[in-house]
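> sequence below, structure please.
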Amino acid sequence: MRHNLARREIWGSYSLKNYHTHTFRCKHADGDVSDYAQAAVDKGLTVLGITDHTPLPDNRWLSIRMGVSALPAYAGAIDEVQAREPGLTILKGAECEWAPEYHGFFRDVLLGEYRFDYLILGCHFYPLRGRWRSSHGDLTDPGHLAAYTKHLTASMQSGLFAFVAHPDLFGLSYPRWDQHTLAASREILQAAQDLDLPLEMNGYGLMKRVSKTHRGVRTAYPWRPFWELAREYEIKVVVNSDAHRPDYVDLGIVEGEAMAKELGLSLANLDHLERR
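Residues are numbered from 1 along each chain as shown. As a prediction, this is how the structure comes out:
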């Protein structure tokens, strides 16, 4: 209650919305849809987006996502809780790694057959020299950073996604801000401007993710120089908790939006997702 009171004192009639959460099905999170809905109600959220890591038709990367056979149960769990929580807007979504071979599945099955409200682009892997590399730990040199950037911007151009999750995820493993991070960031920000595609300032990263460098410890992402650079572009920002457990359903959202406002960045309005 004290946390919610503090939020009202800061934001007045502020309405707290979170479009990025994960359930137990991804194998590295806790809680089901009903647990998140209860936590959202308790913490005063008005909109809750359930966006587990998407199943893929070839069951790639199964260690960190549900198999495609779990898709009906996932969609059904969201539908069931939507029906019994009329006071909370619950949206059905998924966080997706894009590749050309998955485009039709995302469009025809998730958005079409299952009527997902929206999809998030989350570039956790990128292709380089015939292999998929991890965006969490394998972005340590300029060549890898360039490959990540190329794949991320191509994914953005697919036209399937409501926003880009943690576009500055490279801050987890790239050691320093330099001319290469500057060039990569400009490419990402220019693509976001050209496509009118919002970028996420990630609340979990803000509150929980740090990188140890030769200059000390810094927040891994959101990496502040990226968002300072964003002021030069006409982009919109969405702040989400990226919750992997129900009690994190509001994690970092107020703090992230305060950071965005301090930097003079415009917050995205995603109300249209509720009317799809």
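> for the rest of this, base every contact and every neighbour count on C-alpha atoms.
Fine.
> which helix is the longest one in this protein?
Using DSSP state H, we find that the single longest helix of the chain is helix 179-195.
> which helices and strands sit right next to the following helix or strand past that helix?
Using DSSP states H and E, the helix or strand that follows helix 179-195 towards the C-terminus is strand 199-202. Strand 199-202 makes packing contacts with strand 163-164, strand 236-240 when contacts are defined by 3 or more CA pairs under 8 Å, 6 or more residues apart in numbering; DSSP states H and E.
> so what touches the helix or strand following the longest one?
What that stands for is strand 236-240. For strand 236-240, the following helix or strand on the C-terminal side (DSSP H and E) is helix 253-262. Helix 253-262 is contacted from outside by 7, 18, 201, 202, 203, 206, 237, 239, 240, 241, 266, 267, using CA atoms under 8 Å, 6 or more residues apart in numbering.
> where exactly do the helices run in the stretch 1-150 of the chain?
2-11, 33-42, 71-84, 103-104, 142-156 (DSSP state H, counting those that start in this stretch).
> so how far is the fourth one from its chain's centroid?
Read that as helix 103-104. Distance of helix 103-104 from the chain centroid (CA atoms, centre = their mean, to the nearest Å) equals 20 Å.
> next one: stretch 191-199
15 Å.
> cool, stretch 89-108 as well?
From the chain centre to the centre of stretch 89-108 is a distance of 13 Å (CA atoms, centre = their mean).
> what are the buried residues along it?
Within stretch 89-108, the residues that qualify as buried are 90-98, 103, 105-107, counting by 16 or more other CA atoms under 10 Å.
> do stretch 268-276 as well
Neighbour count says stretch 268-276 has residue 268 buried, by 16+ other CA under 10 Å.
> please enumerate residues in contact with that stretch?
Under CA under 8 Å, 6+ apart, the answer for stretch 268-276 is 89, 91, 117, 118, 198, 236, 237, 238.
> picking that back up, return the longest helix of the chain as CSV; C-alpha atoms alone will do.
Taking C-alpha atoms only, helix 179-195 is exported to CSV below (Å, rounded to 0.1, in the frame of the first residue of the first chain):
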residue,chain,number,x,y,z
GLN,A,179,32.4,4.6,-31.5
HIS,A,180,30.9,1.2,-32.2
THR,A,181,28.1,1.4,-29.6
LEU,A,182,27.5,4.9,-30.9
ALA,A,183,27.1,3.7,-34.5
ALA,A,184,25.0,0.7,-33.5
SER,A,185,22.7,2.9,-31.4
ARG,A,186,22.2,5.4,-34.2
GLU,A,187,21.2,2.6,-36.5
ILE,A,188,18.7,1.3,-34.0
LEU,A,189,17.3,4.7,-33.1
GLN,A,190,17.0,5.7,-36.8
ALA,A,191,15.1,2.5,-37.6
ALA,A,192,12.8,3.1,-34.7
GLN,A,193,12.1,6.7,-35.9
ASP,A,194,11.6,5.6,-39.5
LEU,A,195,9.2,2.8,-38.6
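> pull out the buried positions in it.
Within helix 179-195, the residues that count as buried by 16+ other CA under 10 Å are 180, 181, 184, 185, 186, 187, 188, 189, 190, 191, 192, 193.
> list the contacts of residue 212.
Residues in contact with residue 212 (CA under 8 Å, 6+ apart) are residue 218.
> Three-state assignment for it, please.
strand (DSSP: H, G, I helix; E, B strand; the rest coil).
> could you dump the buried residues of stretch 89-108 to JSON lines with distance to residue 127 and pLDDT?
What follows is those, written out as JSON lines (distance: CA to CA, whole Å; pLDDT from 0 to 100):
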{"residue": "90", "distance to residue 127": "34", "pLDDT": "98"}
{"residue": "91", "distance to residue 127": "31", "pLDDT": "98"}
{"residue": "92", "distance to residue 127": "28", "pLDDT": "98"}
{"residue": "93", "distance to residue 127": "25", "pLDDT": "98"}
{"residue": "94", "distance to residue 127": "21", "pLDDT": "98"}
{"residue": "95", "distance to residue 127": "18", "pLDDT": "98"}
{"residue": "96", "distance to residue 127": "15", "pLDDT": "98"}
{"residue": "97", "distance to residue 127": "11", "pLDDT": "97"}
{"residue": "98", "distance to residue 127": "11", "pLDDT": "98"}
{"residue": "103", "distance to residue 127": "16", "pLDDT": "98"}
{"residue": "105", "distance to residue 127": "20", "pLDDT": "98"}
{"residue": "106", "distance to residue 127": "19", "pLDDT": "98"}
{"residue": "107", "distance to residue 127": "22", "pLDDT": "98"}
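> before I go, just wanted to say thanks for your time.
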